[in-house]
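Just need the structure, nothing else, for what follows:
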Amino acid sequence: MITTVIIGEKIMSSSNEAYSLNEKSSYGEKIGGKIHYSPTETLYLQENKKLVVIEGKKELSHEQLLRKLQRKNKRITINYPVYKDLRNRGHIVKTGLKYGAEFRVYKKGTNMGKDHAEWVLYPVREEEKTGWQEFSSKNRVAHSTKKKLLIAVVDDEERVTYYEVLWKKL
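Numbers count the residues shown, from 1 in each chain. Modelled structure (predicted):
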């Protein structure tokens, strides 16, 4: 079991187990001699009994961690079901902030050092509305970065439906 500490907004570990899991399954990012985890990765690994989160001297339960993360990012309740679903399907999911997206998604079996993400992904709630300009902007980002656009629609029961948007030349 990996022991992580949460300091401010950073969740990290320097354990051998953290490095091993990073090498084997691409969880976390190596930064400054530690493995840093995103909020969604942390929730997923904690729920799957792969890590514990320590704040001060206290271990946080899954509910405590979710509430803490939710105070910093209201969208975690939309993002987490999508992350969980994709990881359960065998995909590698990383932050997509540099693409203006929530996530970038790698196909199963991807070599993280050599292959590129297949999709940029935007999770939305089923009842959210998106205008054509926003949709077009997301599509252009995906196209300009040579990735496919993936929209993940999350319903009230946290079921996820995916829509892939592709460019077609006529």
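
Give the bridge partners for residue 13, please.
For residue 13, the beta-bridge assignment (DSSP bridges) gives partners residue 35.

Could you shift the numbering so residue one becomes 29, and keep it that way?
Noted, 29 is the first residue going forward, which turns the last one into residue 41.

ok, it to residue 144 distance?
Residue 41 sits 27 Å away from residue 144 when distances are taken as C-beta to C-beta, to the nearest Å. To be clear about C-beta, it is placed using only N, CA and C from the backbone, and glycine gets the same treatment.

repeat for residue 189
Taken as C-beta to C-beta, the spacing of residue 189 relative to residue 144 amounts to 25 Å.

Can you get me a residue count around residue 149?
Under the neighbour criterion other C-beta atoms under 10 Å, residue 149 is assigned a count of 29.

State the three-state secondary structure for it.
Look at residue 149: counting by DSSP: H, G, I helix; E, B strand; the rest coil, its state is strand.

Report the beta-bridge partner residues of it.
Using DSSP bridges, the beta-bridge partners of residue 149 come out as residue 131, residue 178.

Can you give the contact residues for the strand or helix carrying residue 113?
For residue 113, the enclosing helix or strand under DSSP states H and E is helix 104-116. By C-beta atoms under 8 Å, 6 or more residues apart in numbering, the residues outside helix 104-116 that reach it are 67-69, 71-72, 75, 94, 97-98, 101, 121, 130-131, 133, 149, 151-153, 180, 182, 186-188.

Next: stretch 43-51.
Under the contact criterion C-beta under 8 Å, 6+ apart, stretch 43-51 has outside partners 29-32, 55-58, 62-63, 73, 78-79.

can you pull the alpha-carbon coordinates of the lowest-mean-pLDDT helix or strand in the chain into PDB?
Using mean pLDDT, DSSP states H and E, helix 160-172 stands out as the lowest-scoring helix or strand of the chain, at a mean of 82. Presented in PDB, the C-alpha positions along helix 160-172 are these (Å, rounded to 0.1, in the frame of the first residue of the first chain):
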ATOM      1  CA  TRP A 160     -21.700  26.000 -30.800                       C
ATOM      2  CA  GLN A 161     -18.800  28.400 -30.200                       C
ATOM      3  CA  GLU A 162     -17.600  26.400 -27.200                       C
ATOM      4  CA  PHE A 163     -18.000  23.100 -29.000                       C
ATOM      5  CA  SER A 164     -16.200  24.400 -32.000                       C
ATOM      6  CA  SER A 165     -13.300  25.700 -29.800                       C
ATOM      7  CA  LYS A 166     -12.900  22.300 -28.200                       C
ATOM      8  CA  ASN A 167     -13.000  20.600 -31.600                       C
ATOM      9  CA  ARG A 168     -10.300  22.900 -33.000                       C
ATOM     10  CA  VAL A 169      -8.000  22.300 -30.000                       C
ATOM     11  CA  ALA A 170      -8.300  18.500 -30.500                       C
ATOM     12  CA  HIS A 171      -7.700  18.800 -34.200                       C
ATOM     13  CA  SER A 172      -4.700  21.200 -33.900                       C
END
